[in-house]
Structures are given as structure tokens and as C-alpha cells.
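In: here you go, sequence then predicted model.
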Amino acid sequence: MRGKTVVVSHREMPGFAVMTPGKAATAGMTGLIGGAIVGAVAANEGKEALQQHHVAPPETAVSQGLLKQLVSRNGARPVSAATNVKGGNAREIAAAYPQADYVLDVFTTAWMGSYYPGTFSKYYILHGTKMQLIERSSGRVVAEGFHSYKGEDKEHAPNYDGIFANDAAFLKTETKKSTDGATVTFSGLL
């Protein structure tokens, strides 16, 4: 990649939802349509909470860490772009960024809070990330990785309100653990 240009893809803020025992019970009793409605309500509540607490998109930290490594280790040259992509296959993503030789595409696959089974009052954060480095000219993925994180500290886990307490400190800390782990995992692939 020495001397080649690389751009980081831009995506919309990923969704975040918290599944509570009440929402899970309602979804279970009302079937697919009820479950979809419950999911939409949870996603809307999550979106509002992210905005209220100024939570940054998780993939931003990962992509910026990886971009620094591509520059320092591989000699790539970063270029900026403001084009948003909403998904699609590698060829479609590559086509959205004609100004670069490579596209670094990092995005959230899942991001949610849920209660530990059997407690109904202690919550953990689940976060999944995917990374793909796309050769723009061919639309071919030349490096790809997945990372998932699930909070495991049940003893210090908060209740529902604690997820967003202190300007969403718990959510931000747990998401940072995930993004730090994703950066380390993906670094070994580039």
C-alpha cells in the first residue's frame, strides 16, 4: 500500500436498543408484528438516548485507529471524503469513493443492551463490528475481520437507568472496550 491512497467510509450512526424484560415478554406474546413494533420502539428510545448523551459512532474510533496504522506501517496516504454509504456489497462501496485506491469500511453489526438472564435488573452491552479493506479498482475485499464484545462483569453491572447515568458513562466505557478490542483484532489483519 506504500504511496496508495485510502479513504474511510462514512455511515450513519448505528442503532442502539435496550431489551428489557417487559419488552421481551411483549415481543414473545405478540408474535412477529408485535416483536417488530417493540423493536422499533426500543430503537427509537436508543436513538434519542445516543443523541442526548452525545455518544459517538463506535466505528469512528476503530477506523481512525486503523487508518493511523495503515499510514505509519504501510505508507498509505489518507484522503478525505464525505460520501455516506448505507451498506451494499464491496463493489458498491468502492464505487462511492473514486478518489482513493482503497476504502477502509468499518461498521457496527449489532449494538444493544440487555439484561443478564435470571437477574432481570443487571444489564450488559453487546457490540459487534465488521471491517473490510476494499481495493477500489476491482471492488475486491483484500482484508476482512469481525469482532464481537459482550460485557461480562455481572457483579458491577448497572440497572436499566445505570446504562445512561452520568451522561451514559457505562455505555461509553463498555463501547470503548469493544472498539479497543476491535482495533487490536483488525490491526493484525492489515
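Out: Here it is on my side, so go on.
In: give me the phi and psi for residue 161.
Out: Listed backbone geometry of residue 161 is phi -60, psi -30, with angles given as degrees, to the nearest 10.
In: what about the residue most central in space within the chain, which SS state?
Out: Ranked by distance to the mean C-alpha position of the chain (Cα atoms, centre = their mean), the top residue is residue 108 at 2.5 Å. Secondary structure state of residue 108, per DSSP: H, G, I helix; E, B strand; the rest coil, is strand.
In: ditto for residue 47
Out: Using three-state DSSP, the three-state assignment for residue 47 comes out as helix.
In: that one and residue 12: what is the separation?
Out: 11 Å (Cβ to Cβ, to the nearest Å). (C-beta placed from N, C-alpha, C; glycine too.)
In: looking at the two, which is more packed in?
Out: residue 47 (15 against 11; other Cβ atoms under 10 Å).
In: ok, the more buried one to residue 77 distance?
Out: With Cβ to Cβ as the criterion, residue 47 and residue 77 are 35 Å apart.
In: residue ranges of the strands in the chain, please?
Out: In order along the chain, the chain carries the following strands (DSSP state E): 5-8, 17-19, 77-78, 102-115, 123-135, 140-150.
In: export the longest one to PDB, keeping only CA atoms.
Out: What that stands for is strand 102-115. Presented in PDB, the C-alpha positions along strand 102-115 are these (Å, rounded to 0.1, in the frame of the first residue of the first chain):
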ATOM      1  CA  TYR A 102      -8.500   1.600  -1.100                       C
ATOM      2  CA  VAL A 103     -11.600   2.000   1.100                       C
ATOM      3  CA  LEU A 104     -11.500   1.200   4.800                       C
ATOM      4  CA  ASP A 105     -15.000   0.300   5.700                       C
ATOM      5  CA  VAL A 106     -15.700  -0.300   9.400                       C
ATOM      6  CA  PHE A 107     -19.300  -0.600  10.700                       C
ATOM      7  CA  THR A 108     -21.400  -1.800  13.600                       C
ATOM      8  CA  THR A 109     -23.200  -5.000  13.000                       C
ATOM      9  CA  ALA A 110     -25.000  -5.100  16.400                       C
ATOM     10  CA  TRP A 111     -25.200  -2.700  19.400                       C
ATOM     11  CA  MET A 112     -27.600  -3.200  22.200                       C
ATOM     12  CA  GLY A 113     -28.100  -3.500  25.900                       C
ATOM     13  CA  SER A 114     -29.800  -6.500  27.500                       C
ATOM     14  CA  TYR A 115     -30.300  -8.000  31.000                       C
END
